[in-house]
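[1] this is a predicted model, with the sequence first.
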Amino acid sequence: MKIICIGRNYVDHAKEMNAPVTEKPIYFLKSDICIHRESQKFFYPEFTNDLHYECELVVKINRLGKYIDTKFAHKYYSHVSLGLDLTARDIQKKCKEKGHPWEIAKSFDKSAPISDKWISVKDLSMETLSFELFQNNTLKQKGEIKDMIFSIDEIISYVSKFMTLKIGDLIFTGTPSGVGPVQIGDVLVGKINNSKMFEFKIH
Ligand code: MG
C-alpha cells in the first residue's frame with residue numbers, strides 16, 4: 001500500500017509556511033514503513049532537531065481505480081480517520097533550498113502515526129467535519145473540511161490520473177495552520193468532531 005500526502009491544502013497553513021497556494025494539488029508519498037500505531041512506542045528520531053506534527057484527516061481507499069471522475073470519487077472511500085504527517089522540518093527546509101525531494105524529511109520509519117479508529121462517512125456530516133490536535137492538553141491545530149482548498153473527491157480524481165489507487169491506500173489530506181515542534185515527553189491527542197481518535201506519546 002502507499003500513503004499519498006497532500007501538501008498546502010489549507011490557505012492558513014500555506015501562509016504560515018510562506019508557500020504559495022497551487023492551482024493543482026501537490027502530493028508526495030510515504031510507504032507502509034511509515035505507519036505508526038498507538039500500541040507501539042514512538043522514539044524521537046536522532047537525525048532531526050526539529051520534528052513537527054501536522055495533523056491531517058485521512059481517507060482510506062476501498063476500490064481499485066484509475067482516472068476517477070470527481071463526481072464518482074465518493075464511491076472510492078467509505079471511512080475516514082486522523083493521523084500525523086510527522087516532518088523533520090530542519091531537513092525539509094534544506095531540501096527545499098536545494099530543490100531536492102522531501103522524502104528524507106517526510107518518509108522515514110513511523111512518520112505517519114495513525115488512529116486505530118475509522119469512522120464511516122455515513123455516520124458523519126462530511127460538510128461540517130472538524131478535527132483538532134492537542135499538544136499536552138493545549139489546542140494547537142483546528143481544521144475544518146470546508147476550508148480545504150481541494151476536496152477529498154478532487155484529490156482522488158487528480159491523483160488517480162497519475163497513479164492507480166488500490167484498496168488500502170491512504171490519503172493524508174493536508175494540514176491546517178498551527179504546525180509546530182514536538183519534544184520528548186509530549187502527548188499528542190487528535191479528535192474528530194470532539195471525539196478522541198488517537199493519543200501518541202513522544203519517547
Ligand atoms: Mg502534511
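    Yep, it's here.
[2] for the ion, what's the nearest residue on the protein?
    Nearest residue of the chain to the ion, counting by Cβ to the ion: Asp85, 3.5 Å away. From N, CA and C alone the C-beta is placed, and that goes for glycine too.
[3] list the contacts for that residue?
    Residues near Asp85 by Cβ atoms under 8 Å, 6 or more residues apart in numbering: Cys5, Lys30, Glu54, Glu56, Lys106, Ser111, Ala112, Phe172, Thr175.
[4] of those, closest to Met197?
    Using Cβ to Cβ, Glu56 comes nearest to Met197 of those, at 11.5 Å.
[5] could you tell me how many residues sit around the closest residue to the closest one other than its chain neighbours?
    Nearest residue to Glu56 in three dimensions, chain neighbours excluded: Phe172, at 4.4 Å (Cβ to Cβ, 6 or more residues apart in numbering). As a burial measure, Phe172 scores 28 neighbours (other Cβ atoms under 10 Å).
[6] and Phe172, what are its bridge partners?
    Taking DSSP bridges as the rule, Phe172 bridges to Cys5, Val58.
[7] and the pLDDT at the most far-flung residue of the chain relative to its centre?
    Most distant residue from the mean C-alpha position of the chain: Lys98, 24.2 Å away (Cα atoms, centre = their mean). Predicted confidence (pLDDT) at Lys98: the value is 96.
[8] ok, now which ones touch the residue nearest to Glu56?
    With contact taken as Cβ under 8 Å, 6+ apart, Phe172 is in contact with Ile3, Ile4, Cys5, Ile6, Lys30, Glu56, Leu57, Val58, Gly83, Asp85, Ala112.
[9] which of the contacts of Asp85 lies closest to Gly190?
    Glu56 (9.3 Å).
[10] let's verify that closest one: helix, strand, or coil?
    Classification of Glu56 using DSSP: H, G, I helix; E, B strand; the rest coil returns strand.
[11] need the contact list for it.
    Taking Cβ under 8 Å, 6+ apart as the test, what Glu56 contacts is Cys5, Leu82, Gly83, Leu84, Asp85, Gly143, Phe172, Thr173, Gly174, Thr175.
[12] following element in sequence after the helix or strand the second one falls within, please.
    Secondary structure assignment for Leu82, by DSSP states H and E: strand 77-84. Sequence-wise, the next helix or strand downstream of strand 77-84 (DSSP H and E) is strand 87-88.
[13] what lines up beside that following strand in the sheet?
    Using DSSP bridges, strand 87-88 pairs in its sheet with strand 51-53 (antiparallel).
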